[in-house]
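>>> sequence plus the predicted model coming up.
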Amino acid sequence: MTGRGLVRYFGFVGLAYVVATLGTGLTDYLTAAEVSKSKALLISGGVGLLVALLLGAIDLAKSNAGKSAAPAAARPAGGATPPRRGGAGLALTAVLLLGLCAGGGYLATTAVQAAVQKLNEFATPPWIKKGQEQGQERLAEEVSETGGPLTITVLSVEVTSQATKVRIRGANSGGEALTLPVFGRAQLTAPDRTLTPDPAAGDWPETVPADGEATGTIVFDGVLGPEVTEVRLSFSVIHGSFAAPPNIAVTIPLT
């Protein structure tokens, strides 16, 4: 293979590599597969090299077919073949081109993932951001409260920059489903304030099935200061069964 043919061949490698890398980044965004940068590079590199091999093979086959069909008059006198580059020069060209392809793939992957992150930040509604934000765990220990067939267990109290997220588990030993609504019915009471929930930000299902359990997070607007060592989570209304208590509350110790 001549130097020009090698350049063309690895040009296909670079093109396929970059295209595959961009495709991997977009697939990560569209499918929420959470592909890491290293995995994206491996996937894009493998796909890119495979595509490049196929394209290069087609190009070489077409080039060889054209040379075979060329008239004798068009060939160099005496049947001499064009000078070829030395093996060391071809190897160096291959290494340089592969390095450029890998660097281009890395930059493309980084650019796509940065763009996707910015797009997610711009497109994500504020109430979803509120629920996704990470904070400081404040729960001192898991606590429970039981009323009739219903038991509420507090699994986590996480305080972020703008909200307090309380994760709970509801267990229902009765034969009828119980509903614990959040909007206007759930409260988190501290000594100096009462926090109300943002129903759109949490994922508490509200209904605890008969003879079953439900787990979810309630996101309360507002934060608890470090001086707060105890809060009270309450549901003022419980629907679904005459055996259930009219309301329920859990006192939660904080660190």
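Right, received. Where do you want to start?
>>> in stretch 217-230, what counts as buried?
Neighbour counts over stretch 217-230 (16 or more other C-beta atoms under 10 Å) mark 217-220, 223-224, 228 as buried. The C-beta positions use only the backbone N, C-alpha and C, and glycine is treated the same way.
>>> just the helices in this protein please.
Here the chain has its helices, by DSSP state H, at 3-31, 37-69, 87-123, 126-132.
>>> tell me the spacing between Val231 and Ala140.
According to C-beta to C-beta, to the nearest Å, Val231 and Ala140 sit 11 Å apart.
>>> so the two - more neighbours on which side?
When neighbours are counted by other C-beta atoms under 10 Å, Val231 and Ala140 differ, and Val231 comes out ahead with 26 against 13.
>>> need the contact list for that one.
157, 188-190, 224, 251-252, 254 (C-beta atoms under 8 Å, 6 or more residues apart in numbering).
>>> these, buried ones only, as a PyMOL selection?
Applying 16+ other C-beta under 10 Å to the contacts of Val231, the buried members can be selected in PyMOL as follows:
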select buried, resi 157+188+190+224+252+254
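>>> on that earlier part again, mutual contacts of Val231 and Ala140, please.
Joint contacts of Val231 and Ala140 (C-beta under 8 Å, 6+ apart) are Leu254.
>>> kindly reformat the contacts of Val231 as TSV containing distance to Arg167.
Shown next, in TSV, are the contacts of Val231 (distance: C-beta to C-beta, whole Å):
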residue	distance to Arg167
Val157	8
Leu188	12
Thr189	18
Ala190	18
Leu224	15
Thr251	16
Ile252	11
Leu254	14
